[in-house]
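Undergrad: Compute the structure for the input listed below.
(chains A and B)
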Protein chains: 2
Amino acid sequence: MGNELQPVEKKETGNEGIERLIAATAHDMEKVNELILERASSHVEVVPQIAMHLIEAGGKRLRPMLTLASASLFGQGKGNEIKYAAAVEFMHNATLLHDDVVDESDMRRGKPAARKIWGNQASVLVGDFLLGQAFMMLVETQSMKALDTLSKAAATIAEGEVLQLSKTKNLATRDRDYMQIINAKTATLFEAATRVGAMAGQASQKQQDAMAIYGRELGLAFQLVDDVLDYGGINRGAKDSPGLGKNTGDDLREGKMTLPIILALEKASESERGIISDALGRENADAGQFAKVLDIINRYHGLETAIDRALGHAENARNAILELPDSELREILRELTHYTVCRVR
Amino acid sequence: MGNELQPVEKKETGNEGIERLIAATAHDMEKVNELILERASSHVEVVPQIAMHLIEAGGKRLRPMLTLASASLFGQGKGNEIKYAAAVEFMHNATLLHDDVVDESDMRRGKPAARKIWGNQASVLVGDFLLGQAFMMLVETQSMKALDTLSKAAATIAEGEVLQLSKTKNLATRDRDYMQIINAKTATLFEAATRVGAMAGQASQKQQDAMAIYGRELGLAFQLVDDVLDYGGINRGAKDSPGLGKNTGDDLREGKMTLPIILALEKASESERGIISDALGRENADAGQFAKVLDIINRYHGLETAIDRALGHAENARNAILELPDSELREILRELTHYTVCRVR
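TA: Residues are numbered from 1 along each chain as shown, chains lettered A, B, ... in the order given. Below you'll find the model as predicted:
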């Protein structure tokens, strides 16, 4: 894994990867969005309310775009890629809804999650509904292989989330535990998204496998960066520490053992461990406490090391598809790996 | 729907249906239980702990027995019925785990649910894991029809649960809302269990449909009776009201709008409505409050009417399979409908 620092040079152009992907998939994404609207509907009013609350709020829809791009890369799908993409997005949304369920005596996030408006139970049930709808769409495509890929993904993602949960506030959590967790909870769905896309595009088995590796490696880079962003991203040498903002500190407050904190703990002194341990999982951790932990993380280069690792996985992703036929779309996907990491600054 | 009172005569023999079903499916249920153990395992320790906590505690396993019996009724499956049965049970258990999730500021049950030991999040995630495993087993059978049946069931069950949730403490909930809810949340999985069983047994489409109707009607009877049992069952003329025991009063405490309470509300006076409204959803409702509500329900024959309706659906179930080839197993399934209702006394 050569961790060369391309993204630094690419700083200004980091967004190009995602912009070009959005443009390249725009036409099909319209169909996906229509299908999502259609399949999130229900005669039970609350169902589409909750589903759409999430779906409308919902980010860039990176995963379904990956499915569509993976299909286009190999030519014409029979339209199955639209259903695959919607199914992947539904699975992702189901996971988000189930993630947001919080234990009574437990922490809470800064943002208005669905469960804050409709309650835990409704969030869980609408997640289940979306999962059921995802599998129904897959059944409609009659592709047993896609069903195989996504049912395994569903089980693996849940296992990863349980593992993550079981490590909450556990100072003994190791680097390899973390990698196992993000492999399962994040990279699995990225891999499934690109694999079923390639299937829809009638790629060969070898090409499907290449796309699967691309997806997995991209997913690893993505999650590594996400977990760095939760500590405010990287501001090398900047004096303005990001502080405890809207999008930072959640992981610390929730006691989530992500790589930056694990790396810091590996090297921390007794008293530093004490500071981290004290802040981990503290619902009302304030900016001062967060800054202290961030100091320790930076002292041991926790964020940089995580980003270096993300760069490595981004490179793996680029390399995975190097042998595929050269095309603009292939280059867009390779470019996307830069975006994934550059979000951090 | 002739609501003749067979079950009264059958009182002493009501358990025969289930005993005979247990005996008839014992051999295959052993394989199902082995498969359940195998597929509930995971390298993530907590997963099998939670799964087995539920599965070991778990009742009579009526649904997988129905799948097995439905398969045997038509001859030899190719072994698929074992996987279908395990998948059906996993789906049921996932639903239970997700049902048990409780909102922070909300009610709580008398029993030690998984979420009380491991927390809401773990219960949700292990439910997701079981759902994923269920679909993986279905994929292994390569039966697109079974996948179709059970993915639709998953979505429908979730919709039913959301509808039920949206009616919590809602005094305007109608009889037809209730029937829609139990159709979706309970009868759907019973129907799926018998349908995929018949599929595995290579039944004709017409026979599959007959078994599906049997399952649906049995499920309706089952849930109607369950909801009567939550008010202590029927003790016609007995002076010893069941009181607020371990297995009674949950629905009232949770504000669940079941048929007995809906029927009572239809006829209740203003002051009676006030008493019911006051007790509905009150977490710490005591025995006295429960007895008052039960009095009102009995005044308007809420429990008897619900049981009469259950008897009607039990009869529908018996009739649905009357045209199937005569066999001991068919009679066991017909007998089972009596058990379903007789549990009430």
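Undergrad: Quick check, the residue in the stretch 201-345 of chain A closest to chain B?
TA: A:E254 (10.5 Å; Cβ to the nearest Cβ). (Each C-beta comes from the backbone N, C-alpha and C, glycine too.)
Undergrad: Verify the stated contact: that residue with A:A279.
TA: No: the criterion here is Cβ atoms under 8 Å, and A:E254 misses it with A:A279 at 11.3 Å.
Undergrad: low-confidence ranges in the stretch 51-200 of chain A?
TA: Within the stretch 51-200 of chain A, the stretches with pLDDT under 70 are A:57-58, A:76-77, A:102-117.
Undergrad: Next, count neighbours for A:S327.
TA: 12 (other Cβ atoms under 10 Å in any protein chain shown).
Undergrad: Next one, pLDDT for it please.
TA: In this model, A:S327 is scored at 95, pLDDT.
Undergrad: Let me see the contact set for the closest residue in space to it that isn't next to it in sequence.
TA: Setting aside the residues directly before and after it, A:S327 is nearest to A:L73 in space (Cβ to Cβ, 6 or more residues apart in numbering or on different chains), at 6.7 Å. A:L73 makes contact with A:197-198, A:201, A:203, A:211, A:324, A:327, A:329-330, A:333, according to Cβ atoms under 8 Å, 6 or more residues apart in numbering or on different chains.
Undergrad: Next one: A:L73 relative to chain B, how far apart?
TA: Using Cβ to the nearest Cβ, to the nearest Å, A:L73 is found at 26 Å from chain B.
Undergrad: With A:S41 instead?
TA: Taking Cβ to the nearest Cβ, one finds A:S41 at 11 Å from chain B.
Undergrad: Now do that residue: how many residues are near it, please.
TA: For A:S41, using other Cβ under 10 Å, the count is 13.
Undergrad: Pull the contacting residues for it.
TA: A:47-48.
Undergrad: ranges for the helices of the stretch 51-200 of chain A?
TA: With helices called from DSSP state H, counting those that start in this stretch, the stretch 51-200 of chain A shows them at A:62-72, A:80-99, A:114-118, A:120-141, A:144-166, A:175-182, A:188-200.
Undergrad: Ok, which of the ones you listed comes nearest A:V44?
TA: Among those, helix A:120-141 comes nearest to A:V44, with 8.6 Å by Cβ to Cβ.
Undergrad: touching chain B at all, that closest one?
TA: Yes: using Cβ under 8 Å from any Cβ of the partner chain, helix A:120-141 reaches chain B at A:120-122, A:124-126, A:128-129, A:131-133, A:135-136, A:138-139.
Undergrad: who's in contact with A:V46?
TA: A:118, A:122, A:126, B:162-163, B:165-166.
Undergrad: Which two of those have the greatest separation?
TA: Most distant of those, by Cβ to Cβ, are A:W118 and B:L163, 13.4 Å apart.
Undergrad: mind checking pLDDT for A:V47?
TA: Looking at A:V47, the pLDDT reads 89.
Undergrad: And for A:R216?
TA: For A:R216, the predicted pLDDT is 98.
Undergrad: Repeat that for A:E283.
TA: 82.
Undergrad: and it, what are its phi and psi?
TA: The phi and psi torsions at A:E283 (degrees, to the nearest 10) take the values phi -60, psi -40.
Undergrad: Kindly report the same for the one 5 residues further on.
TA: In terms of degrees, to the nearest 10, the main-chain angles of A:G288 are phi -60, psi -50.
Undergrad: hang on, A:G132 packs against B:D148?
TA: No: if you go by Cβ under 8 Å, A:G132 and B:D148 don't touch, sitting 11.5 Å apart.
Undergrad: which of these two has more neighbours?
TA: More crowded of A:G132 and B:D148, by other Cβ under 10 Å: A:G132, with 24 against 17.
Undergrad: What separation is there between the residue of the stretch 151-300 of chain A found nearest chain B and B:R39?
TA: Using Cβ to the nearest Cβ, the closest approach of the stretch 151-300 of chain A to chain B is made by A:A155 at 3.0 Å. Using Cβ to Cβ, to the nearest Å, A:A155 is found at 9 Å from B:R39.
Undergrad: Up against chain B, what does the stretch 101-250 of chain A have?
TA: Counting by Cβ under 8 Å from any Cβ, the stretch 101-250 of chain A sits next to chain B at A:101-104, A:106, A:119-122, A:124-126, A:128-129, A:131-133, A:135-136, A:138-139, A:142, A:144, A:147-148, A:151-163, A:165-166.
Undergrad: Go again with 7 Å.
TA: Along the stretch 101-250 of chain A, the residues adjacent to chain B under the rule Cβ under 7 Å from any Cβ of the partner chain are A:101-104, A:119-122, A:124-126, A:128-129, A:131-133, A:135-136, A:139, A:142, A:144, A:147-148, A:151-152, A:154-155, A:158-159, A:161-163, A:165-166.
Undergrad: Which members of the residues you listed are classed as buried?
TA: A:101-103, A:119-122, A:124-126, A:128-129, A:131-133, A:135-136, A:139, A:144, A:147-148, A:151-152, A:154-155, A:158-159, A:161-163, A:165-166 (16 or more other Cβ atoms under 10 Å in any protein chain shown).
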